[in-house]
Structures are given as structure tokens and as C-alpha cells.
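# Sequence below, structure please.
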Amino acid sequence: MIEHLLLKNYNIHDFIVCYQLFNFHAPCYDKVYTLFHNIGGDKMRSDFAIRLVTHFYWDKKESFALDRDIYSYWTILAVEEGRFTYRIEDQEGEAGFGSLVVCPPNTWFHRKTLEPLTFHFIHFTWNTEPSLEEQRSLIGNLMIADIERLCSDYRYLRLIALEQDKAAIERKQHLVSDMWRLYELERNVPKEIGLTVVIADEEMRKAAHFITANIFGPVDMKSLALSLQLTPVQLTRRFRAAYGMTPSEYMTRLRLDRASKLLLETEFSIDKIAQLCGYENGFYLSRIFRNKRGMPPSQYRSLPRV
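Okay, here's the model as predicted:
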């Protein structure tokens, strides 16, 4: 049954339905859930190009004219200074400097200032519209860690904030795209191994350390969540907030980094590399490698070596 679901390319929501219908027991649930994530069953893209529609800049705004509003475009409220609370669908919290708060179209954007707010208000569309599943990971408070780069984008946006001619829109497009690409880069490079950022959430640091320490063996996310006195959903949300990716995405990135190194530096078979990287066999490794790295392991191995 498990292999049938995987071979048919079902996504994680299809799995959950099957779990409910066939009443899989807990160990099977954990195994199938992990397999779906490991082979890229969610088919989550990591590259989302955006197209600017409008940009406005507000300086030290005491309060919003409306405590909620709804827009026909995707919206980013990018905070330069101050703090506010927000609620978008089931996402809610507090945002300040470094936050890109994203709201999808035709969705209520609830907000309330906590102190005078300086921010950039951006409407945009996607070059390629994300799926409904992908959209869920792009809603709410998206944090930027590279403050220096973000400040530079903000500074130039302020300089041309009032300009709306074609040349100004093109410059704004470049700056807004840079902000978004910065978020994507940080999301897809685990901070634990790629960015020297101190994560304030102590429990998520423990989670990342546990995953890293056990990365090439079985990692039971449900047991990890229980050890931190969290539900699996809470673990996923808090880990994404801290590291810009889910625990499963974090685990996959680390495993594929090692697989890539072994492909270039050894003559091990794909099955052997799979076992050394925490996968059951070469079939699963090949599926996930192609999905995440854009080519099969055999092609990656044939790349020129220096």
C-alpha cells in the first residue's frame, strides 16, 4: 500500500486521507509520513519569482485606518520600524523589523499597531502561481535574517517611494525581488549550517541539534515533538519560524548535502550512498535527489570535478 501511494506520486494530503480511511497504526503513519516528505511528495518549490504591482511607504504611522482589510492582490507589509499584531487565516502573531508579513488575495488582513509603524506596503503577483499547498508556506510572518542587506533595499525604496513612472517601477521591482530572493535564500540554506544567526527559540535549537546528530539514521519527528512537549504541527510551525523550513526539509537538505559530497568524492554505488545518508535504498535517494537538486544522482556524479 505504501509503495503504491509513492509510485503514484500522491501528495501528503492524499496520504492523510488514506490514513483515515485505512486506519494505519501509529508506526506505519510515521513511516509513510516520513517517506512522503523524503521523496518530495509535497512537491514544494523553493523558487517563487514575484512581480510588483504597487508600492507605498508609510513613516511612523500611529494606527491603521482600518483594523482589517481585504485586497485583490497578494500583499506584503514589510516593517522598517515599530511593531504590530496581525491575523491572516490561522496565522497570527506580532511583527517588527525584519518581518515580511504576507497576505493572500481575497483574505482578511487583521492588523493593529503596537507602536508607531514605519513600513513598505507592497501588492504583487506571482510569475507562476503557487499551488494551494505551496501558498500555505508563504503566508504570515516571513523573517529576514540578513539585516544589512534588507536595510539597503529599504533605503533605496524610500528614496524612490513617491515615484511611480516606468523607470521607478522597474527599480522598485528589482529591490522588492531582492528582498524576496533574500528570504528564499535563507529559507533554503539551513541557518544551523549556512548562516551565523542566533535562534532565539531554545526548543527549536534543541530540535535542530537532535536532527543533525541523528541525521543519517531514522528520525521520528512525532517522538521529537513529544520530547519537546509539542504536537507535530506546533513543531513544524515553530521550526519553520526559526529556520525558514520544516524539520523534514531541514533533514532532507543535510542528507542531500552528504549524498552530493559522496557522489563526487567516492565511487560508491547509489544504494550504498543511500544507506550512508539515511535512505532505505537508491530508488528513494534518486527520487528525492532529482526533485530537490534538479538532476538524477548519475548526472550529478558526471559533472566536471576540480
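# Using neighbour counts, pick out the buried residues of the top strand by length along the chain.
Secondary structure assigned by DSSP state E gives strand 50-61 as the longest strand of the chain. Across strand 50-61, burial judged by 16 or more other Cβ atoms under 10 Å covers Ile50, Leu52, Val53, His55, Tyr57, Trp58. Quick note: C-beta positions are derived from backbone N, CA and C, even for glycine.
# Please name every helix or strand in contact with it.
Under the contact criterion of 3 or more Cβ pairs under 8 Å, 6 or more residues apart in numbering; DSSP states H and E, strand 50-61 touches strand 117-126, helix 147-159, helix 166-188.
# Can you tell me which residue sits nearest the middle of the chain?
Met245 (4.3 Å; Cα atoms, centre = their mean).
# Test my guess that that one contacts Leu185.
No: taking Cβ atoms under 8 Å as the definition, Met245 is not a contact partner of Leu185, at 11.8 Å.
# quick one, what contacts Leu256?
By Cβ atoms under 8 Å, 6 or more residues apart in numbering, the contact list for Leu256 reads Cys277, Ile288, Phe289, Lys292, Arg293.
# Counting neighbours, what do you get for the second one?
Look at Ile288: counted by other Cβ atoms under 10 Å, it has 24 neighbours.
# what's the spacing between it and Met295?
12 Å (Cβ to Cβ, to the nearest Å).
# Which residue comes closest to Phe210 once chain neighbours are left out?
Leu224 (5.9 Å; Cβ to Cβ, 6 or more residues apart in numbering).
# The helix or strand encompassing the one you found: what's the following helix or strand?
Secondary structure from DSSP states H and E places Leu224 in helix 221-227. Downstream of helix 221-227, the first helix or strand assigned by DSSP H and E is helix 232-243.
# What is that following helix packed up against?
helix 191-194, helix 202-213, helix 221-227, helix 247-265.
# Which one, of those helices, ends up nearest to Glu148?
Among those, helix 191-194 comes nearest to Glu148, with 15.8 Å by Cβ to Cβ.
# thinking again about what came up before, can you tell me which of the helices and strands packed on strand 50-61 is most buried?
Compared across these, strand 117-126 shows the largest average neighbour count, a mean of 19 (mean count of other Cβ atoms under 10 Å).
# Pull the distance from the helix or strand that it is followed by to the chain's centre.
Sequence order places helix 132-136 as the next helix or strand after strand 117-126, per DSSP H and E. A distance of 11 Å separates the centroid of the chain from that of helix 132-136, by Cα atoms, centre = their mean, to the nearest Å.
# What of stretch 117-137?
Distance, centroid of stretch 117-137 to centroid of chain: 13 Å (Cα atoms, centre = their mean).
# Point out where the stretch 101-250 of the chain drops to low pLDDT.
188-200 (pLDDT under 70).
# repeat that for 80
The stretch 101-250 of the chain contains residues with pLDDT under 80 at 145, 164, 186-202, 243-244.
# circling back to that earlier point, could the helices and strands packed on helix 232-243 go into TSV alongside distance to Lys272?
Listed next are the helices and strands packed on helix 232-243 as TSV, based on distance: least, Cβ to Cβ, whole Å:
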stretch	distance to Lys272
helix 191-194	24
helix 202-213	22
helix 221-227	26
helix 247-265	8
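# which of those sits most buried?
Comparing the helices and strands packed on helix 232-243 by mean count of other Cβ under 10 Å gives helix 247-265 as most buried, with a mean of 19.
# Using CSV, list the CA coordinates for that one.
This file holds the C-alpha atoms of helix 247-265, laid out as CSV (Å, rounded to 0.1, in the frame of the first residue of the first chain):
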residue,chain,number,x,y,z
PRO,A,247,12.1,19.8,10.1
SER,A,248,11.7,17.4,7.2
GLU,A,249,13.1,20.0,4.8
TYR,A,250,16.0,20.6,7.1
MET,A,251,16.7,16.9,7.4
THR,A,252,16.5,16.4,3.6
ARG,A,253,18.9,19.3,3.0
LEU,A,254,21.5,17.8,5.3
ARG,A,255,21.2,14.3,3.8
LEU,A,256,21.4,15.5,0.2
ASP,A,257,24.5,17.6,1.1
ARG,A,258,26.2,14.5,2.2
ALA,A,259,25.0,12.5,-0.8
SER,A,260,26.3,15.2,-3.1
LYS,A,261,29.7,15.0,-1.5
LEU,A,262,29.8,11.2,-1.7
LEU,A,263,28.8,11.2,-5.3
LEU,A,264,31.7,13.5,-6.2
GLU,A,265,34.3,12.1,-3.9
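# Alright, calling it a day.
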